[in-house]
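1. Just a sequence and a predicted model for now, questions to come.
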Amino acid sequence: MLLRQIIELFDLLDKPSANGKEVLNLIKERGNDNVLTYLDTVTGPKGNTDFVKVLIKGSNGKSSGGNAPTLGIIGRLGGIGARPSVTGFVSDGDGALAALASALKLSEMNRNGDVLQGDVIVSTHICPTAPTREHKPVPFMDSPVDMALANSKDVDDRMDAVISIDTTKGNRVINVNGIAISPTTKDGYILKVSDSVLDVMTKVTGKSPVVFPLSQQDITPYGNDLYHLNSILQPTTATSAPVIGVAVTTELPVAGCATGASHPGDVELAARFAVEIAKGLGEGSVSFYDEDEFALIEKLYGDMKRFQTFGTRQA
């Protein structure tokens, strides 16, 4: 259970002065020498933000010469606040909150002797003053930096598999309170939903798993003038590793810039799901996709990496 971690981090993030240094100091304090933290403050055309990264070393992790796969947990968002337009922590911040809570929990587990097999890299960014932008059916949060820069900071070449946690409430296609997952995406392909990931979701939620629909547009880069559900699958445009989206969801559309719209239980589900995926991936009980089948689909239908690019435009 990660409710304590959620509450502690929420108190740090729900203020105008929220920053990466304070959050990383808490994680370092609760961890040990096997927990490494990184801070990078970046200024963009619409403001600045703190990119944070946490590496929790595994007993057989690649950072220590082992061969267990490394999980990336990315908290995807525009910002945790939209000051001065609105006051307080916004719904869009749930992805960062869940990812950071998983980092705090994994750090505490490592210190206490519950060391996972594989390394885990958690990354997100902290911006309490992000802009907003128009989007239907409800407004989106914008970001002080563009998506290409965000991907370059969040996505790490050491990640062998990625889960991307994002508030996904501003739509009409996911109609449940809680969390939902996407099919696995890789190299421009939308693949079948992983059975082992579904097993983890059932265990964590105690309910039938919820899988949200993806369109081909959703796994193309922002900025190509195509519609995107939101930014949840943007990491798949920047890596060859398999990526699964973990959406924090609601029954009815809620704006990303809405305050008072974060549900601790739903955020906790996303964070606990991430921790359980990290355990299973390192142990080998969780797989994001079938490697043999992926090799066959590429043989039959070719390379789809062009969907990770901006493609070609006719004059």
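-> Looks like it came in fine.

2. can you map out the helices along the stretch 51-200 of the chain?
-> For the stretch 51-200 of the chain, the helices defined by DSSP state H, counting those that start in this stretch occupy 94-112, 147-154, 195-205.

3. Quick check: residue 6 touching residue 266?
-> No. Residue 6 is beyond contact range of residue 266, at 10.1 Å (criterion: C-beta atoms under 8 Å). (Each C-beta comes from the backbone N, C-alpha and C, glycine too.)

4. Report the separation between the closest residue to residue 200 other than its chain neighbours and residue 199.
-> Setting aside the residues directly before and after it, residue 200 is nearest to residue 276 in space (C-beta to C-beta, 6 or more residues apart in numbering), at 5.0 Å. In this view, residue 276 and residue 199 are 10 Å apart by C-beta to C-beta, to the nearest Å.

5. Counting neighbours around each, name which of these two comes out higher.
-> residue 276 (18 against 15; other C-beta atoms under 10 Å).

6. In this structure, what residue spans correspond to strands?
-> With strands called from DSSP state E, the chain shows them at 35-44, 47-56, 71-76, 120-126, 132-133, 140-141, 161-167, 178-181, 185-186, 189-190, 243-249.

7. Which of those strands sits closest to residue 208?
-> Across the strands of the chain, residue 208 has its closest neighbour in strand 178-181 (11.0 Å, C-beta to C-beta).

8. Show the average pLDDT along that closest one.
-> For strand 178-181, the mean pLDDT works out to 98.

9. which phi and psi does the closest residue in space to residue 191 that isn't next to it in sequence have?
-> Using C-beta to C-beta, 6+ apart and skipping the chain neighbours, the partner closest in space to residue 191 is residue 184 (4.4 Å). Recorded main-chain torsions at residue 184 are phi -70, psi 140, according to degrees, to the nearest 10.

10. residues near residue 184, how many?
-> 23.

11. and if you look at the one 3 residues further on?
-> Under the neighbour criterion other C-beta under 10 Å, residue 187 is assigned a count of 19.

12. can you check residue 31 too?
-> Neighbour count of residue 31, defined by other C-beta under 10 Å: 22.

13. Next one: it from residue 105, what distance?
-> Residue 31 sits 11 Å away from residue 105, going by C-beta to C-beta.

14. swap in residue 294?
-> With C-beta to C-beta as the criterion, residue 294 and residue 105 are 31 Å apart.

15. what do you get for residue 27?
-> Going from residue 27 to residue 105 by C-beta to C-beta gives 10 Å.

16. on that earlier part again, pretty sure the residue nearest to residue 191 sits against residue 289.
-> Yes. Here residue 184 reaches residue 289: they are 4.7 Å apart, a contact under C-beta under 8 Å.

17. Need the residues touching each of the two.
-> Overlap of the contact sets of residue 184 and residue 289 (by C-beta atoms under 8 Å, 6 or more residues apart in numbering) consists of 191, 192, 194, 242.

18. Tell me who's in contact with the residue nearest to residue 191.
-> The contact partners of residue 184, taken as C-beta under 8 Å, 6+ apart, are 190, 191, 192, 193, 194, 197, 242, 243, 244, 288, 289.

19. how about 7 Å then?
-> Residues near residue 184 by C-beta atoms under 7 Å, 6 or more residues apart in numbering: 191, 193, 194, 242, 244, 288, 289.

20. One more: residue 79?
-> 92, 127, 128, 130, 141, 143.

21. Specify the beta-bridge partners of the spatially closest residue to residue 106 that is not a sequence neighbour.
-> Nearest residue to residue 106, sequence neighbours excluded (C-beta to C-beta, 6+ apart): residue 56, at 4.6 Å. According to DSSP bridges, the partner residues bridging residue 56 are residue 35, residue 120.

22. same thing with the one 5 residues further on?
-> Using DSSP bridges, the bridge partners assigned to residue 61 are residue 68.

23. What count of nearby residues applies to it?
-> For residue 61, the count of nearby residues is 24 (other C-beta under 10 Å).
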